[in-house]
Each structure stands twice: as C-alpha cells, then as structure tokens.
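Q: Would you be able to build a 3D model of this:
(one chain, ligands or ions: 1)
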Amino acid sequence: MCQPHVLLVNSTRIEDILLIMQVRNANNASDLSLSQTELPIQTSSGQRLLKTVTVHTGSMRYLLDMATFMTRIMFSLPLISQVGNPLQAALLADLSSALIAHAWFRKYEPDNITSCLSQLVVFAIAPVIITTATLPSPLTNVPLHLALFASLLLFSIVLYRISPFHPLAKHPGPVICKVTKLWFAWLSYKGKSHLYFRELHKKYGPIVRIGPNELSITEAPLIPHIMGQQGMRKGPMWHGRAYVPGVKAVSVPSLVGIRDISLHAKHRKPWNRAFGPAALKDYEDSLVVRGTELIEHLKAIIRKSPDGVGHTDISMYISNWSFDFMGDAILGEDFQLMSTGDKDGIVRSLDEAHLSAANMDIDDDQPPLPLIMASARLAIVAGSHTTSFVITSIMYHLLRYPEYFRRLQQELDTNFPPSEQAVIQVDKLSNLELLDAIINEALRLQPPIATYLQRAPPAHSGGKLLKDIFIPEGTSVVVPPYVIHRDKRYFSPNPDQFWPERWYVQNEKTTTDRTAFIPFSYGPANCVGRPLALQEVRYITAMLVYNFDFSFQKGYNPDQWDMDLIDQFIFIKGKLPVEMKQRNV
Ligand code: HEM
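A: Residues are numbered from 1 along each chain as shown. Predicted structure coming up:
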C-alpha cells in the first residue's frame, strides 16, 4: 500500500500566501511532477490562502527503492557466504528476498499483471544469484529456491494479514476472509454471496472484514459518508472487471467504470439530462408500444390453449420485453426478442461488449461516436437486466402472496375502470399507493444489485475517515443493500417478510427507515436510470396485473425462486412458470 509521505519542508509567509510543500510518493506517476491547490483558511489576522505545492516523486522514488533493494542484496552476499550450511544459506537468502518482496508489493501494488510478474521474477531469482555467487553448484537447487521463496512469501503475507499490524486488524471477520479473497471469489462464482454477506453480518455485526483489504458496512448513517457527495470514489472492482476472455477490447469506456470523481461528474451530466425526470415523456411511446406488444404475446399464448389457460415462463417474456424496450428507446432498434427469441445471441454480445467497455481509461479526446455507442450499450445492459429482474420479482411475490395480487387488481380497476374501457396511463401510475408499496417491498427484499456497492479512498489521499472509522488507502468498503434492507434496526417488524403495508402504515410498532433503502445506490454515482426504471416497472406490472389472472404453474415449488437466484453483481433470475387467464378488461 502506498502511504504518502507528507513533509512540511517550508512554511514561509509570502504576503498573504502560506507556502507548504509536500512530498508524496506517487508510485504510478511516470515522472516528477508538481501540483498546486489553494484552500481559504481563517487566521487571527483574517482570511488567508493556504497554497499547497505537492511534489509527486513517482518513478524517481520507485527507482530509488529498487536501487536500495539491489544494494542490500550486494551487502548480504558476504553475510550469506559465511553461512557454512548451503541449506541454511538458501533459507536465509530466500527469507530476505521474500520479506523484501512482500514489503515491496504492499508499497507499490502493481495492478498490471505483466509488471507484477516481472517484479516477482526479480525477487524470486535474487536468492539464486546470491547463492550462485557464494555457494558451490547452486543451479541444481533452482527449484528448491523457487519453492522456498514462494512458501516464505506466502507465509509472510498470511501472517501479516492476520496480524494486529494490518490496518484493518481491529475489524472482525472470518480468518479465511482476512487471509484471501479467493474464498469470496469462490462464493461469488457459486452465486450465493448475498446469503454469505447476511450470515457474516449476523455473526460479526455491522462492520465486517470480508477480504484482506475490504470491509462490508451496514450502518445506514454511514452511507452518505461512503457514497455521498463528500464520500469516496468507485472501488477497485472496476479495475478487476476489465478482462473478459475472448472479447476484443473496444476503444472507449462507459460511465459506470469511471473511478475518477471529477471525470465521472463530467461524463454524468449528459446522462442526467437523458434520463432525468424531465426526459421521461420521451420514452413513453416506446414503453406503451412494447408494453402492449408483451400483453398481445401473452394473449396469443392463451388463445392457442383449448381451455383458455396459458402456460409460460413469464420470467423469459419479461426479460425479452426489457431488451426490446431498451433497444427501441435507446437505439430506435427492434431486437424482436419477444417475437423470435434471442437467436442471434444479442443479449450475450451486449453484456460482453459492455463489460469490456466499462473499464477502459477515459480522456477528453474521445471521438463522440464510439463514446455514444458505449453509452448506449451501457444503458441497454444496465437498464434491461435490472428492470426485468424487478418486475419478475414483483410477479413472484404477488403470486406467492395472492391477496396482494387481488388488492392491486382492485386498485387498478378503481383507477382505470374496465366498465369505462379505461386505458392504463403511464403518468397516473405514480399516484397509486399500493402499487408503489409493492414495488418498494420487492426492491427491498431483492435489490437487483444485491451486495456490491463498492467505494474506496483515492490514491495519495491518505485514507478516509467515516465518522470515527478510518478507511486506509489501499482498502475498500462495500455496502450490501440486500443485508441493510433486511436489518431489523431499519425495517421491522419481520424484515424478511413481504409486507407492503410497511411503506404506508406508520405506528410506534413499525420502523421503515428510508435512509436505509438504497436499491438504486446513493450519491453522485447512484443509478442514473432510476426515474425511467420506476416508470417501466410501474407500467409493466400494472399492465400484467390488470390484463390477466396469474398463478404459479401446478407443481412449481415457490421456494425454487430463491434457490435459483444467482448474485453475480446483478441478481440473475431463474424461471417463473405461470398459468394465466385473460381478464375481461
Ligand atoms: C429497477 C431497475 C434498476 C436498479 C435497481 C438499478 C440499480 C443501480 C445501482 C444500484 C447502481 C449503482 C451502482 C453503484 O453505486 O456502484 C446503478 C448504476 C447505474 N444504472 Fe441503474 N438500476 C436500474 C435501472 C437502470 C436503468 C433503466 C438504466 C438506464 C439508463 C440504468 C443505468 C445505470 C447506469 C448508467 C449506472 C451507472 C451510474 C454511474 O456510474 O454514474 N439503470 N443502477
């Protein structure tokens, strides 16, 4: 981990300006550089400007450290040559090199695999060179050296991570999580990390160390400090998601992967205009056209059935609808997934292209067309899986608790009376109390981005203080909505229960803390598509419930829905087999 060395080199008063020089080690900076900032400060003689000159010594310091390492090796040669026993000498050489390698990687943390491997090779062969110079026939022992070096390095890393000297040592968590991220990677691969997050917080409390350098926090009052205006930037996961096997990198990034706060704010502006409340009207036509098309497809299934009961996987239809709608709304393109299915693998190719685009570095000279295309892809991918997940989750909960299905039908019938052949109007739906409560309740229990809202202090910031919790540089914080939404401090009684009334019934026995409700995240990098998403969810849910009577298909085990959920950043859903009858509306 890179800790800045902030040295007060000079503090002179030059008229109204105080000059303070800082020397920081900027390990990734390519060269020596200067930067200046000015802060107004109040002194006894009035307001002054505090001028901070920061000297980034980047690669100079890096080279200096490498030279120190080499010199130490040279000095250790005579020492090692005095150790008579070759095995002891090898052990000593490997131990020194492993310890120095560990300290080196902690300090410089190369995030590029080539530079990481090449530096590792330097440290691994150093003991071989040392013993070659001092001991007879060492080359035959190269595999022994490498094995020793690797074991000692691993031992040193593990020991440090569980030691009281680690900056996150005071936070509780399972030893396996403190030692390695591989355990969590395995759980994520299995898709059940949302359940593990929950278990961990039940056992260890609201702040848990979930990785060697990572905390998970479920304290609602800390959310603004973590993700708000004065919070932290996006976390390092956006680095890690850059590689998608077999996919050609595209040349521009997209908003979601931009970690730099000011660059993100700049790129976010057009998104706010495109998806803000004022722009919602622009999407209404596509929403109505595609929503009606979905209803017609379902009616066609019923018509084909001799007994007037249609059978289908509504989960698949809703997914296809959401891609068709986003394709239409964003690109003016009809993907025709509802009509023909995903024969051409459109969904997969959009997902992959989006993932690789999300992680490229961005600068001011981006050609507009590729940037627009990357943004369009992001909007389609970010907006389709999430929205279709939420609508399907609502349908699942309505079928599991059919009294809410009936009550919602009544609410819709009252507002759009079938006897008057009323048509569901998009802009009227936001006033329906039960509809909104049902949507909130599904988003609470099953937020599509369930566990991994990650933030981290920027490089050279020295870390971040969240009230009284210090987040050191080089570590990150995760906020898991799935766990916070089921925390009885914020939602009670029965936080695990689907109970939409909690959103409008207020009494001393009920707690519904909206500051802990973050399905769309929080702060400057929250979901830019929230207004559009809510409009879609309201309309499609209303259209489905208004036009049909649904029930689970016979033989379907309702517990299967939860069992099928896969948390892979976005919740991936399984099938939802339903029976449906057309209503006379
Ligand atoms: C119910 C549906 C949706 C949910 C629950 C949802 C949730 C989220 C969440 C939690 C984040 C923030 C991730 C973070 O803080 O790291 C996010 C970001 C984002 N969402 Fe959504 N989303 C939904 C629908 C949409 C739609 C329809 C769009 C289409 C435009 C969209 C576009 C985006 C974009 C572009 C970002 C990145 C924002 C940024 O980095 O500034 N989302 N979404």
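
Q: Backbone dihedrals for whichever residue of the stretch 51-200 of the chain sits closest to the ligand, please?
A: Closest contact between the stretch 51-200 of the chain and the ligand, by CB to the nearest ligand atom, is at His194 (13.7 Å). Where you see a C-beta, it was placed from the backbone N, CA and C, and this is true even at glycine. As for His194, its main-chain torsions (degrees, to the nearest 10) stand at phi -60, psi -40.

Q: And Gly211, by the same measure?
A: With angles defined as degrees, to the nearest 10, Gly211 sits at phi -160, psi 170.

Q: thinking again about what came up before, give the contact list for the residue of the stretch 51-200 of the chain closest to the ligand.
A: Each residue near His194 by CB atoms under 8 Å, 6 or more residues apart in numbering is listed here: Ala450, Thr451, Pro480, Tyr482, Val483, Leu565, Asp567, Phe571.

Q: switch to 7 Å and redo it
A: Contacts of His194 were listed using CB atoms under 7 Å, 6 or more residues apart in numbering, and they are Ala450, Thr451, Tyr482, Asp567.

Q: Using the three-state scheme, assign the second one.
A: Under the three-state scheme (DSSP: H, G, I helix; E, B strand; the rest coil), the conformation of Thr451 reads as coil.

Q: Apart from its chain neighbours, what residue comes closest to it?
A: Pro480 (4.1 Å; CB to CB, 6 or more residues apart in numbering).

Q: Let me know the distance separating that neighbour from Leu144.
A: Distance from Pro480 to Leu144, counting by CB to CB, to the nearest Å: 45 Å.

Q: Compare the two (neighbour count), which wins?
A: Neighbour tally, Pro480 and Leu144, criterion other CB atoms under 10 Å: the higher count belongs to Pro480, 27 against 16.

Q: so where is this structure shaky, pLDDT-wise?
A: 1-84, 86, 109-111, 133-140, 240-253, 343-370 (pLDDT under 70).

Q: who touches the residue in it that the ligand sits nearest to in this structure?
A: As assessed by CB to the nearest ligand atom, the ligand sits closest to Gly529 within the chain, at 2.2 Å. Residues in contact with Gly529 (CB under 7 Å, 6+ apart) are Phe275, Ala382, Gly383.

Q: Now for Pro221, how many residues are close by?
A: Number of residues near Pro221 (other CB under 10 Å) recorded here: 11.

Q: what are the phi and psi values for it?
A: Dihedral pair for Pro221: phi -60, psi -20, per degrees, to the nearest 10.

Q: how about it, what does it touch?
A: Applying CB under 7 Å, 6+ apart, no residues qualify as near Pro221.

Q: The one 3 residues further on too?
A: When contacts are counted by CB under 7 Å, 6+ apart, Pro224 touches Gly231, Tyr522.

Q: what do you get for Tyr317?
A: Leu294, His297, Leu298, Met338 are the contacts of Tyr317 under CB under 7 Å, 6+ apart.

Q: Repeat that for His485.
A: Neighbour list for His485: Arg444, Leu445, Pro447, Phe491, Phe517 [criterion: CB under 7 Å, 6+ apart].

Q: Before I go, just wanted to say thanks for your time.
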